[in-house]
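A.B. asks: below are the sequence and a predicted model for it; my questions follow.
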Amino acid sequence: MNWLKQLTAAALLALTLTTSAYAVVAIQTYQDMANATLQNAFAYGSTAYDTVTGASNNQCYRVQFFDPSNMLVTTHDLPGPGGNSNAPRTDSFTVPSGPSGTWTAKVSSFPAASNGACTGTLSSVLATTIFDVARAVVIGAGTTGSDSVGGDNNVNQNQLTTVQGAGVAQTMRVSPVSGSVNRCFVRFILPSMPAISGTVTNAKMRLFMAGAPHDARTYNVKLVTLTWGEASITYMNQPGVMATPTSSLS
């Protein structure tokens, strides 16, 4: 399972994708055909919408998808509108039922013939991006409203009895500064479709870093031992956690 949640000042894992400057070829993955929302974690059977940006006239672009063992799964040739255009090349990829892990999409190009066919000598790899594939993917913690049990919120040592963001803020803050400690709490609702049965053997939590800290830090993830809710959690009533971190990242 993979989870995405914005976080101000720090994060466990940053969104990983290739960015683009003008006329520099890059590839990004989205959760929607309109390319409105970036996403790099996809469940079995879902659709990953990939787009090649920085495209050039008279160039056809080839996107190859590799599974975690670096086996080529499928190849998509994208000649672009009318065969010759510098518009972004939009594409989609239906995620197969495994294997789980980190997949890679690689972009190369070769001259487009006058009829728009992708022919000629294929270039070396111009850009890559990675995305996770898992049996189930949960994006965001809790619901779109304020949850009485679980959800996501942070607590602030400078505001001992204040519910941060009224429980519905779009970002969270984490800080280890003495006297100004901020901690984040997240609780995810597992999806009913596809149903998760049996024993979960591996899960990954991913948070997006909205603002990097000035100094190097180690971030610990710990299991919460008591019930809490995003609409009521404060620094004073925050629940206890396990002493040993489930995971750490420096």
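C.D. replies: Looks like it came in fine.

A.B. asks: not counting its neighbours along the chain, what's nearest the residue nearest the centre of the chain?
C.D. replies: The structure's the chain has its C-alpha centroid closest to N40; by CA atoms, centre = their mean the separation is 4.1 Å. When the adjacent residues along the chain are set aside, N40 lies closest to F131, with 4.2 Å between them (CB to CB, 6 or more residues apart in numbering). Glycine gets a C-beta too; all of them are placed from N, C-alpha and C.

A.B. asks: is it correct that D50 is in contact with W103?
C.D. replies: No. Proximity of D50 to W103 does not meet the contact threshold set by CB atoms under 8 Å, at 11.0 Å.

A.B. asks: quick check: V186 touching G140?
C.D. replies: No. When contacts are counted by CB under 8 Å, V186 is not listed as touching G140 (9.3 Å).

A.B. asks: give the contact list for the residue nearest to N40.
C.D. replies: T29, Q39, N40, A41, F42, A48, T102, W103, A105 (CB atoms under 8 Å, 6 or more residues apart in numbering).

A.B. asks: which ones are touching the second one?
C.D. replies: If I follow you right, that is Q39. Contacts of Q39 (CB under 8 Å, 6+ apart): L4, T29, Y30, Q31, A48, F131, I139.

A.B. asks: the second one: what's it in contact with?
C.D. replies: This points to T29. Residues counted as contacts of T29 (CB under 8 Å, 6+ apart) are L17, L38, Q39, N40, F42, A48, Y49, D50, T51, A105, T129, F131.

A.B. asks: skip ahead from the helix or strand that contains it and say which helix or strand is next.
C.D. replies: Secondary-structure element containing T29, defined by DSSP states H and E: strand 26-30. Past strand 26-30, further along toward the C-terminus, the next helix or strand under DSSP H and E is strand 41-43.

A.B. asks: enumerate the positions of the very next helix or strand once past that next one that are buried.
C.D. replies: Per DSSP H and E, the first helix or strand lying C-terminal to strand 41-43 is strand 47-53. In terms of neighbour count (16 or more other CB atoms under 10 Å), strand 47-53 has its buried residues at A48, Y49, D50, T51, V52, T53.

A.B. asks: for stretch 26-33, same thing?
C.D. replies: Within stretch 26-33, the residues that qualify as buried by neighbour count (16+ other CB under 10 Å) are A26, I27, Q28, T29, Y30, Q31.

A.B. asks: wouldn't the first one be in contact with G54 here?
C.D. replies: Yes. With contact defined as CB under 8 Å, A26 and G54 form a contacting pair (5.7 Å).

A.B. asks: returning to that earlier point: name the element the residue nearest to N40 belongs to?
C.D. replies: Here F131, judged by DSSP H and E, is contained in strand 127-134.

A.B. asks: so what's the gap between that strand and the chain middle?
C.D. replies: Using CA atoms, centre = their mean, to the nearest Å, the distance from the centre of strand 127-134 to the centre of the chain it belongs to is 10 Å.
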